[in-house]
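Q: model the structure of this input:
(one chain, ligands or ions: 2)
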Amino acid sequence: MVPTIDAFKCDGCSICVQRCPPQIMGLVKGRATILTDLCEECGICAEVCPIGAVRFKLIHHDTTATHDGYQTRPR
Ligand code: SF4
Ligand code: SF4
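A: Numbers count the residues shown, from 1 in each chain. Ligands and ions are numbered 1, 2, ... in the order given. Next up is the predicted model:
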């Protein structure tokens, strides 16, 4: 579960950037960004953000979904 930044909420204070252990956060156009491929999912960025601009989102997996493209068609 990788964090996401609410770019409309983030004020660019850079606290999370300074506290990210692997140093894979930075500011782009005054907003926090994350190199998500290198994220260790420690959650510190979400803990230290004073305004709640970092969210951890569960990826929704629909276990009932089927993918018709992979189904073999009857002949
Ligand atoms: S979860 Fe941890 S490693 Fe990932 S961006 Fe936040 S502080 Fe950095
Ligand atoms: S701590 Fe929060 S407000 Fe500050 S740069 Fe990070 S995400 Fe933005």
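
Q: tell me the residues of this structure that contact ligand 1?
A: Selection of the chain residues close to ligand 1 by CB under 6 Å from any ligand atom yields 3, 20-22, 24-25, 34, 39-45. To be clear about C-beta, it is placed using only N, CA and C from the backbone, and glycine gets the same treatment.

Q: try it again at 8 Å.
A: Residues of the chain lying near ligand 1 by CB under 8 Å from any ligand atom: 2-3, 16, 19-25, 34-36, 38-46, 54, 56.

Q: just the buried residues out of these, in PyMOL syntax.
A: Burial among the residues of the chain next to ligand 1 is assessed by 16 or more other CB atoms under 10 Å; the matching PyMOL selection reads:
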select buried, resi 3+16+20+24+25+34+39+44+45+46+54
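
Q: just the ones in strands from the residues of the chain next to ligand 1, please.
A: Counting by DSSP state E, the part of the residues of the chain next to ligand 1 found in strands is 3, 25, 34, 54, 56.

Q: from those residues, which two are the most distant?
A: Comparing every pair within these by CB to CB identifies 25 and 56 as the most remote, at 14.4 Å.

Q: returning to that earlier point: what is the nearest of the ones in strands among the residues of the chain next to ligand 1 to residue 10?
A: Among these, residue 54 lies closest to residue 10 (CB to CB), at 8.1 Å.

Q: what pairs with the closest one across the strands?
A: Applying DSSP bridges to residue 54 gives these bridge partners: residue 5.
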